[in-house]
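Peer 1: Just a sequence and a predicted model for now, questions to come.
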Amino acid sequence: LKTLEIAGLKDADEAETCHFATDNGGGAGLKNIEPRLRENKVLGPTAGADNCQYHGHNKGYENASIAAFGPNGLGKANIFQAAYQYSYMVKHLKEDVGLETLAEIREIVLKDLCTNTELQNEVFEQNSEAFKSLMSQLLNLDVDKLPEPNEMAGCLDEMIQSASEPLLSKIESDNYTKNITDMTFSRWRTTNQGIKVFLDNWAEIYILAIAVKKATKASHTLHKVACDLLGLMNIRVKVEESEEASGEVRDRPDYYPPVYIEGLFIVGFCERFFNRHFDFVAAGDPQFANSFGHHMRLYIEHAAFMHDELTAMTEGYESMEEFEPFMKAINKLPESGEIFNADKTFFKTAADKFFSTLKKTLDEHTFKRFRSDSSLVNLVGGNSSLAIQLLRWLRCYDDGELDMANYEFEDATIYLKHHGDAYGTDGVKVSLRKMMNYLIKGPGGTDAEHWADPKKIIEHPIIAENKDLLWKMAEENKTKFDLWDPSTWSNGSDYASIQDVVHKRISIQF
């Protein structure tokens, strides 16, 4: 009650529940709890209810990853289990010996690599890409200027003899030994960030695991973890017997380990799609201070262009820059037609499974939910060009003139701002008509019964209680008007009360 008093309410009777958010699944999930809250009048007929988009985005990523590569856990063989084993090994090694001693161990292990030709050959054959990346740092040379494999040992020996600083000073990143967290889907942002660190430091982690295996007793937990990690990192592409018999496999270190290639796909997906949208969910509304995680006035439009981005990625990921390392890796592999050989056939099938599962999950958790009548009301507080189109459509219905099937929204190219650094200062470029058609009628082919209902939207208190002023707002310039910039308001207009409604009823959601 004290909080309500601070907010200007005298008692709880003046408070109204206008929005509810929770996870989508489980006993307290939206499907289970929303009907009961409406039945006992905690949620009124026009109150919004949405599933948490932290969970929504993460669940899409998790479901898609499991469909493509399987779950993590003991006995599982995929990038997620390998990354977990790496994080467990390094985290507990650091706890046992301390960060300073761990740095000394790394220095010793790197020197051993530089002076041990047999170990160099093993690491090169295990993952030539990761080996070259490490050598590029140690020798301070671009990858394409590295010496040939038969000359590498001499160059490394010469570098060791002349080195005046620790080898670690040459390594670009030591992130894999700091701030280590166990990588699981239930800990948001651990797998997407941790897998990239794992791949970037693959070769050094590999030789560190060898050292841990040799230095610990078989009964020691770290010994078992190191063995499991090496086993996962050393899974190979299955090739035809004729190729293996001829020795060609030993001569094909450009067949990267399958677990590594899985990681390349996940990193590509996160950099192209997941990171930017999850970061938006975690950000605040730039119009209101201290609002992290509360961004409903912008989320309807965000979900709309996110749907377009997902479609474009699903249909054309092979040519996207973020997936280039993945495509380069799988295009070197044989294509057997069997999904059990960890070759190109497997990875193409896995990618298809990933994207189809991701779309199915996001359709349920995000896209359909944020095209609902109660959600579309929130467009009033977002991009004003979209708000004006919504209001003109609603007013047309209110005047009895709406031909739903043939109504055409006005067209213009607009830029949606405040959706994250990935889109630059100009924002997201979209077609006004295309976005409104998606929001009102859904993706192409959606049955009319699933289109937005203007009657229900007009009955929402945000519209019904402010209709005269909102209908006036509908007459503003469709591309120049900005609800948050009074200098763009037409003469004599004052939309401060609409700003207040957005602040109190829309921006607080989520």
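Peer 2: Alright, I've got the coordinates.

Peer 1: low-scoring stretches of the stretch 1-150 of the chain, by residue?
Peer 2: Along the stretch 1-150 of the chain, segments meeting pLDDT under 70 span 1-16, 18-19, 22-28, 46, 48.

Peer 1: where exactly do the strands run in it?
Peer 2: 19-22, 48-51 (DSSP state E, counting those that start in this stretch).

Peer 1: Can you give the distance of the last one from its chain's centre?
Peer 2: The chain centroid and the centroid of strand 48-51 are separated by 21 Å under Cα atoms, centre = their mean, to the nearest Å.

Peer 1: Which secondary structure elements does it sit against?
Peer 2: When contacts are defined as 3 or more Cβ pairs under 8 Å, 6 or more residues apart in numbering; DSSP states H and E, strand 48-51 packs onto strand 19-22, helix 30-39, helix 373-376. To be clear about C-beta, it is placed using only N, CA and C from the backbone, and glycine gets the same treatment.

Peer 1: Reformat those as a markdown table; add mean neighbour count.
Peer 2: Below are the helices and strands packed on strand 48-51 laid out as a markdown table (neighbours: other Cβ atoms under 10 Å):
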| stretch | mean neighbour count |
| --- | --- |
| strand 19-22 | 18 |
| helix 30-39 | 14 |
| helix 373-376 | 20 |
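
Peer 1: And the residue minimising distance to the centre of the chain, what's its pLDDT?
Peer 2: Geometric centre of the chain, nearest residue: residue 274, 1.6 Å, by Cα atoms, centre = their mean. pLDDT for residue 274: 95.

Peer 1: how close does the residue lying closest to it once chain neighbours are set aside get to residue 180?
Peer 2: Excluding the flanking residues, the one nearest residue 274 by Cβ to Cβ, 6 or more residues apart in numbering is residue 61, at 5.5 Å. Separation of residue 61 from residue 180 (Cβ to Cβ, to the nearest Å): 21 Å.

Peer 1: Could you check which of the two has the larger neighbour count?
Peer 2: Set residue 61 next to residue 180 and count neighbours by other Cβ atoms under 10 Å: residue 61 wins out with 26 against 21.

Peer 1: Now do residue 346: how many residues are near it, please.
Peer 2: Residue 346 sits with 24 neighbouring residues when counted by other Cβ under 10 Å.

Peer 1: nearest residue to it other than its sequence neighbours?
Peer 2: Closest to residue 346 by Cβ to Cβ, 6+ apart is residue 339, at 4.9 Å.

Peer 1: In a strand, that neighbour, correct?
Peer 2: No - using DSSP: H, G, I helix; E, B strand; the rest coil, the secondary structure at residue 339 is coil, not a strand.

Peer 1: residue contacts, it?
Peer 2: Going by Cβ atoms under 8 Å, 6 or more residues apart in numbering, residue 339 touches 345-346, 349.

Peer 1: now, which of the residues you listed lie within helices?
Peer 2: 345-346, 349 (DSSP state H).

Peer 1: list the buried ones in stretch 281-294?
Peer 2: Buried residues in stretch 281-294, counted by 16 or more other Cβ atoms under 10 Å: 281, 283, 285, 287, 291, 294.

Peer 1: measure that stretch end to end?
Peer 2: Using Cα to Cα, to the nearest Å, one end of stretch 281-294 lies 8 Å from the other.

Peer 1: tell me how far it is from the chain's mean position?
Peer 2: 18 Å.

Peer 1: same check, this time on stretch 361-381
Peer 2: 19 Å.

Peer 1: Could you number the chain from 34 rather than 1 from now on?
Peer 2: From this message on, residue numbering opens at 34, which makes the last subject stretch 394-414.

Peer 1: Which positions in stretch 466-474 come out as buried?
Peer 2: 468-474.

Peer 1: returning to that earlier point: residue 121 is nearest to which of the helices and strands packed on strand 81-84?
Peer 2: Closest to residue 121 of the helices and strands packed on strand 81-84 is strand 52-55 (Cβ to Cβ; 31.8 Å).

Peer 1: got the contact list for the spatially closest residue to residue 189 that is not a sequence neighbour?
Peer 2: For residue 189, ignoring the flanking residues on the chain, the nearest one in space by Cβ to Cβ, 6+ apart is residue 147 at 4.2 Å. Residues in contact with residue 147, defined by Cβ under 8 Å, 6+ apart, are 171, 189-190, 192-193, 200.
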